[in-house]
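Engineer: sequence and predicted structure, then a few things I'm wondering about:
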Amino acid sequence: MSYFANKIVWITGASSGIGEALTYELTKLGAKIVISARREEELKRVQQQAGPSNVYVLPLDLEAPATFPAKVQEAIGAFEQVDIMIHNGGISQRSKVIDTLPAVQRKVMEVDYFSYIELTRLLLPHMQQRKTGHIAVISSVMGKIGTPMRSAYSAAKHALHGFFDCLRAEVWKDNINVTIITPGYIRTQVSLNAVTASGEKLNELGKNIGHGYAADKTAQQILNAIQKGKFEKYVGRPFSKEWMAIHLMRLFPTLAIKVFKNAVPE
Ligand SMILES: NC(=O)c1ccc[n+]([C@@H]2O[C@H](COP(=O)([O-])OP(=O)(O)OC[C@H]3O[C@@H](n4cnc5c(N)ncnc54)[C@H](OP(=O)(O)O)[C@@H]3O)[C@@H](O)[C@H]2O)c1
C-alpha cells in the first residue's frame with residue numbers, strides 16, 4: 001500500500017501547474033485531496049480529471065487572510081482531518097528593484113509568504129491535537145540564491161526557509177514534519193502569471209520555463225521527498241544549471257554571487 005493511501009492532503013495552487021500535477025499523482029496513490037486556488041472552474045476541471053469522489057474543491061484567495069479561519073475549518077471538515085498540507089500557491093515576478101512599486105513587493109510577500117505562515121498557524125492546533133502532521137512548502141531555487149529581476153519573489157521564498165526551519169524546530173516533538181522543496185525551472189504557467197513592476201500580468205512564457213522540467217515528474221519528486229521526511233529537497237531536472245546554482249551557493253558562496261551578478265534575466 002502506498003504511503004499516501006487514505007491520507008488527507010490539502011494543496012493550495014491546485015488549479016494549474018505543480019499543484020494540479022500533485023493532485024493527479026496523489027489520487028493515483030489513493031489519497032483524498034482538498035484543492036484550493038481562486039479559480040473555482042479550474043479547480044472543478046482538476047477535480048473531474050482526478051476523480052470527483054476523492055477531491056474536495058475549496059476556493060481560496062491567498063490575499064484574503066480574513067477568510068482563512070473559516071477556510072481552515074472547511075478543509076479539516078471536508079474529509080474530517082488534514083494529514084499533509086502542501087503550501088504551493090504562488091506568483092512570481094519579473095522587474096527590477098528600482099522600478100517595482102511597493103504595492104507589488106507587498107503583494108508578492110502576501111501571496112508567497114504571509115498566506116503560508118497564517119494558514120500554518122491556523123492548522124497547527126489540529127495537527128498538534130492529533131500528534132501527527134506534515135507541512136510541505138514549495139519554495140524555489142530562488143529561495144536559496146539571488147538573481148536580477150526577482151527581488152520580491154526571492155525575498156518571499158528566502159523568508160519561507162527562515163520561518164519553516166524555525167517551525168520544524170518547534171513542532172518535531174508533536175510528530176509534525178516540515179519539508180521545504182526548492183524547484184528548478186518547471187514547465188507551468190508561472191512566468192505567464194508573474195507580476196511586472198506595476199503589478200500587471202507578464203503574460204510571457206520565458207525560455208527557461210518553456211523548456212522546464214515536466215510538472216508530473218516534479219510532483220513525483222515532491223511526493224518522494226515528503227514520504228522520506230526530507231527537511232529540504234531540490235526538485236526538477238537533475239544536474240541542470242539551477243541544480244548547479246544551488247550547490248555552487250552552498251559550497252562556494254563568493255564565487256556563486258559573482259556568477260549570479262552576470263545572470264541574464266529573461
Ligand atoms: N514553475 C517553476 O519554474 C517554479 C520554480 C520554483 C518554484 N515554483 C513555485 O511553485 C508553485 C506553483 O507554481 P506553478 O509553477 O505551478 O505556477 P502556476 O501554474 O502559475 O500555478 C500557480 C498556482 O497558484 C495559484 N495562485 C496564484 N495566486 C493566488 C492567490 N492570490 N490565491 C490563491 N491561489 C493563487 C494559482 O491559482 P489561481 O490563479 O486559480 O488562484 C495557481 O493554481 C509556486 O509557489 C511557485 O513559486 C515554480
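Structural biologist: Arrived safely. Numbering: from 1, shown residues only.
Engineer: all helices for this structure, in order.
Structural biologist: Along the chain, the segments classed as helices by DSSP state H run 17-28, 40-50, 68-78, 102-109, 115-130, 151-171, 207-210, 215-227, 241-251, 253-261.
Engineer: do you know how far the closest residue to the ligand within the stretch 51-200 of the chain is from Arg250?
Structural biologist: Going by CB to the nearest ligand atom, the ligand is nearest to Gly90 of the stretch 51-200 of the chain, at 2.6 Å. Just so you know, the C-beta spots here come from the backbone N, C-alpha and C atoms, and that holds for glycine as well. Gly90 sits at a distance of 23 Å from Arg250 (criterion: CB to CB, to the nearest Å).
Engineer: who has more neighbours out of the two?
Structural biologist: The residue with more neighbours, out of Gly90 and Arg250, is Gly90; 26 against 11, by other CB atoms under 10 Å.
Engineer: that one against Met109, yeah?
Structural biologist: No. With contact defined as CB atoms under 8 Å, Gly90 does not count as touching Met109 (11.1 Å).
Engineer: what about the closest residue to the ligand within the chain, how many residues nearby?
Structural biologist: Among the residues of the chain, Gly17 lies closest to the ligand, at 2.1 Å counting by CB to the nearest ligand atom. Residues contacting Gly17 under the criterion other CB under 10 Å number 22.
Engineer: which residue sits closest to it, ignoring its sequence neighbours?
Structural biologist: Thr188 (3.1 Å; CB to CB, 6 or more residues apart in numbering).
Engineer: quick check, the one you found in contact with Gly13.
Structural biologist: No. Using CB under 8 Å, Thr188 makes no contact with Gly13, being 9.7 Å away.
Engineer: quick one: stretch 214-230 to chain centroid distance?
Structural biologist: 12 Å (CA atoms, centre = their mean, to the nearest Å).
Engineer: extract the C-alpha trace of that stretch and format it as CSV.
Structural biologist: Only the C-alpha atoms of stretch 214-230 are listed here, as CSV (Å, rounded to 0.1, in the frame of the first residue of the first chain):
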residue,chain,number,x,y,z
ALA,A,214,7.7,18.3,-16.6
ALA,A,215,5.2,19.1,-13.8
ASP,A,216,4.2,15.4,-13.4
LYS,A,217,7.7,14.3,-12.8
THR,A,218,8.2,17.2,-10.4
ALA,A,219,5.1,16.2,-8.5
GLN,A,220,6.5,12.6,-8.2
GLN,A,221,9.8,14.0,-6.8
ILE,A,222,8.0,16.2,-4.3
LEU,A,223,5.9,13.3,-3.0
ASN,A,224,9.0,11.2,-2.7
ALA,A,225,10.7,13.9,-0.6
ILE,A,226,7.6,14.2,1.6
GLN,A,227,7.4,10.4,2.0
LYS,A,228,11.0,10.3,3.0
GLY,A,229,10.5,13.1,5.5
LYS,A,230,13.3,15.3,3.9
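Engineer: residues near Lys230, how many?
Structural biologist: Lys230 - counted by other CB under 10 Å - has 17 other residues nearby.
Engineer: who does the residue lying closest to it once chain neighbours are set aside bridge with?
Structural biologist: Closest residue to Lys230 apart from its sequence neighbours, by CB to CB, 6+ apart: Thr179 at 5.4 Å. Assessed by DSSP bridges, Thr179 has beta-bridge partners Ala136.
Engineer: show me the contacts for Thr179.
Structural biologist: His134, Ile135, Ala136, Val137, Ala225, Ile226, Gly229, Lys230, Phe231, Glu232, Lys233 (CB atoms under 8 Å, 6 or more residues apart in numbering).
Engineer: didn't the last one look like it was pressed against Thr182?
Structural biologist: Translated: Lys233. Yes. At 7.1 Å, Lys233 counts as touching Thr182 under the criterion of CB under 8 Å.
Engineer: so for stretch 21-28, what gets flagged as buried?
Structural biologist: Going by neighbour count (16 or more other CB atoms under 10 Å), the buried part of stretch 21-28 is Ala21, Leu22, Thr23, Tyr24, Glu25, Leu26, Thr27.
Engineer: sorry, slip of the keys, the one I care about is stretch 179-197.
Structural biologist: Buried, per 16+ other CB under 10 Å, within stretch 179-197: 179-188, 190-191, 194-197.
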